[in-house]
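Chemist: Provide a 3D model corresponding to the input given below.
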Amino acid sequence: MKRHLLTSLAAALAAALLAPLAARAADNEPPPGFVALFNGKDFTGWRVPEGDNGHWKVVNGVIDYDAESEAKGDKSLWCEKELGDFILRVDWRIKATPYTNPNVPYILPDGTHARDVTGKELKLALPDSDSGIFLRGSGTYQVNIWCWPIGSGEMYGIRTNPKTAPDLRAAVTPRHQADKPVGEWNRFEITVRGRTVTVVLNGITVIPGATIPDLPLRGRIALQHHGGKDAQGRWNSPPSLLQFKNIFVREL
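Modeler: As a prediction, this is how the structure comes out:
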């Protein structure tokens, strides 16, 4: 009996030690029906901004960014593959929030900003980092990643456009705040079919289906750069201090 117990304990200990290794080995391996856009080793299939100087990099199987690209133009990381209709899965995590954003709005369910009794918009000062997934070739059609109370997954470029119709503004505003705490991994599943976008974050549908009339029918995705520093080397806007992995797509 004692020998059997020791053998069982040893087996359980070995399984516990090997489990993290198995989980890491599974990273960047696409599930059935999907293909990997990121191989976990290098930027094959991606376009690093010209003059970036190593700020977008691959570290231990993840895309790591420090928000300090030295590129003169667009600093975002673009996938070279052009997509039409697709389901995209992306794991992401915010590494740190060194910048306090003094202008985080209180967003109402219809996508407008709450105001006080004088009509002034309510603003919150919160630690913040900022990035997102560009859809079909344009930052206008971005699924946001950040620390706002409304949660990640909203389409800021659509919601804040004064020309956006009220029903569409509400449609691109998250129904739930589904983010995990800063430092933990999150998972987007973004479905783009025709001109309709659906966003699921950590298994919760935050955008159940927003039809965007001017969404291009084809284009590339990108991981967004955001942030900058002042002359004293201090962040002057929320930086995209993020990591990404498990970037998989299924074309529809």
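
Chemist: Got the phi and psi for residue 232?
Modeler: Backbone geometry at residue 232, expressed as degrees, to the nearest 10, gives phi -90, psi 0.

Chemist: Let me fix that, I meant to ask about residue 78.
Modeler: Torsion angles, degrees, to the nearest 10, at residue 78: phi -100, psi 140.

Chemist: quick one: it and residue 231, what's the gap?
Modeler: 30 Å (CB to CB, to the nearest Å). Just so you know, the C-beta spots here come from the backbone N, C-alpha and C atoms, and that holds for glycine as well.

Chemist: neighbour count winner among these two?
Modeler: Neighbour count, other CB atoms under 10 Å: between residue 78 and residue 231, residue 78 has more, with 17 against 6.

Chemist: What residues does the more buried one make contact with?
Modeler: Residues near residue 78 by CB atoms under 8 Å, 6 or more residues apart in numbering: 46, 47, 134, 220, 221, 222.

Chemist: what's the distance between it and residue 133?
Modeler: Counting by CB to CB - residue 78 and residue 133 are separated by 11 Å.

Chemist: can you list residues touching both of the two?
Modeler: Residues touching both residue 78 and residue 133 (CB under 8 Å, 6+ apart) are 221, 222.

Chemist: Ends of stretch 60-76, what's the gap?
Modeler: One end of stretch 60-76 sits 21 Å from the other (CA to CA, to the nearest Å).

Chemist: in that stretch, what's buried?
Modeler: For stretch 60-76, the neighbour count (16 or more other CB atoms under 10 Å) marks 61, 62, 63, 64, 65, 66, 67, 68, 69, 71, 75, 76 as buried.

Chemist: Who are the contact partners of residue 68?
Modeler: 55, 229.

Chemist: Can you show me the helices along this structure?
Modeler: 2-26, 156-159, 166-171 (DSSP state H).

Chemist: Could you identify which of these has the lowest mean pLDDT?
Modeler: Of all the helices of the chain, the minimum mean pLDDT falls on helix 2-26 (a mean of 51).

Chemist: was I right about residue 251 contacting residue 83?
Modeler: Yes. Residue 251 is in contact with residue 83 according to CB atoms under 8 Å; the separation is 6.6 Å.
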